[in-house]
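Enquirer: structure here, sequence nowhere to be found:
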């Protein structure tokens, strides 16, 4: 859709479109107050500003709207509303070997056990082996470092999805 179309969506549809970009209810509500926006730059700036003003709980809520990296079955079932976008974002995992997928599954388990939420990474353009390497590196972070890293990765995903929303 165009920016003008986005600006003129009824509130319920705008809320739904924004939720597809980021699953934090607080972020969506903050974004609702930003409309109409003048241009794409203003939209993306608002998205970043509002995301950084959200709480850690808001960030974690957004994380729950993503499948685990490499979990393609769950991606198709549970996340139907964003499955097409997420599938493209996780294309690198779709072609991964069974060994890498198993290592991702184990890494995801260890990550969730340590941090209490799923491993969030902006997977666009990354092969599965690179995502696995980054997962293993991030497992070394402390909780404070990791929530900040995960939050920034979620913002990258949100920005990409907002741009996709505006594609014809």
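Expert: Received, thanks. Predicted model only: the values in this text are computed from it and were never measured.
Enquirer: return the residues in contact with the closest residue in space to residue 110 that isn't next to it in sequence.
Expert: The shortest distance from residue 110 to any non-neighbouring residue, by CB to CB, 6 or more residues apart in numbering, is to residue 139 (6.1 Å). All C-beta spots, glycine's among them, are computed from the backbone N, C-alpha and C. The contact partners of residue 139, by CB atoms under 8 Å, 6 or more residues apart in numbering, come to 107, 110, 111, 114.
Enquirer: buried residues in the host helix or strand of the first one, which are they?
Expert: Looking back up the chat, that one is residue 107. Under the criterion DSSP states H and E, the helix or strand holding residue 107 is helix 98-115. With burial defined by 16 or more other CB atoms under 10 Å, the residues of helix 98-115 counted as buried are 100, 101, 103, 104, 107, 108, 111, 115.
Enquirer: least confident secondary structure element in the chain?
Expert: Across the helices and strands of the chain, the lowest-confidence element by mean pLDDT, DSSP states H and E is helix 72-78, at a mean of 48.
Enquirer: so what touches whatever helix or strand residue 163 lives in?
Expert: Secondary structure from DSSP H and E places residue 163 in helix 143-165. Helix 143-165 is touched from outside by 1, 6, 17, 20-22, 27, 40, 43-44, 47-48, 51-52, 56, 59, 62-63, 66, 82, 85, 89, 115, 117, 119-122, 124, 138, 141, with contacts defined as CB under 8 Å, 6+ apart.
Enquirer: which ones among those residues map onto helices?
Expert: With helices defined by DSSP state H, the entries of the contacts of helix 143-165 inside them are 6, 17, 20-21, 27, 40, 43-44, 47-48, 51-52, 56, 59, 62-63, 85, 89, 115, 138.
Enquirer: now list the buried members of the residues you listed.
Expert: Buried residues within the ones in helices among the contacts of helix 143-165, defined by neighbour count using 16+ other CB under 10 Å: 6, 17, 20-21, 27, 43-44, 47, 51, 59, 62-63, 85, 89, 115, 138.
Enquirer: now residue 130: how far from residue 3?
Expert: When CB to CB, to the nearest Å is applied, the distance between residue 130 and residue 3 equals 33 Å.
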